[in-house]
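Q: Sharing a sequence plus its predicted fold:
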Amino acid sequence: GAHLRRMWDANIGPGCADSPGVSHLPRISPLLWVGNEIAPSVGSFDVVVSTVPPRSCRTGARQPELTTHAIMFADGQGSENS
């Protein structure tokens, strides 16, 4: 509960909750977009590679179903132990 919430909050930095929090990178690929934890909930994407669980842009609730591929770093700051 509270311990996991503190771990999650430790990951929040400038821009993590900006909405829409997504940028198009057409010079690399016309299909490539990058974004923060809010980005998957503001668009329609075929593939979402996440390093943190996506969150709703409306409520802030976790939306793990928006991730198609999760890459969790073993740094103890995310949900790699969830």
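A: All right, it came through fine.
Q: Averaged pLDDT, stretch 27-42. What do you get?
A: Averaging pLDDT along stretch 27-42 gives 91.
Q: all helices of this protein, in order?
A: For the chain, the helices defined by DSSP state H cover 2-10.
Q: okay, and for it, where does confidence drop off?
A: Scanning the chain for pLDDT under 70 picks out 1-17, 76-82.
Q: Distance check, the residue positioned nearest the centre of it against residue 74.
A: Geometric centre of the chain, nearest residue: residue 37, 2.5 Å, by Cα atoms, centre = their mean. To residue 74, residue 37 is 19 Å away according to Cβ to Cβ, to the nearest Å. No exception for glycine: its C-beta is placed from N, CA and C like everyone else's.
Q: And for residue 65?
A: Going from residue 65 to residue 74 by Cβ to Cβ gives 24 Å.
Q: before we move on, what about residue 67?
A: 18 Å.
Q: quick one: which of the two has more around it?
A: residue 67 (17 against 8; other Cβ atoms under 10 Å).
Q: and the nearest residue to the more buried one once chain neighbours are set aside, what does it touch?
A: Sequence neighbours aside, residue 50 is the residue nearest to residue 67 in space, at 4.2 Å (criterion: Cβ to Cβ, 6 or more residues apart in numbering). Residue 50 makes contact with 37, 40, 66, 67, 69, 70, 71, according to Cβ atoms under 8 Å, 6 or more residues apart in numbering.
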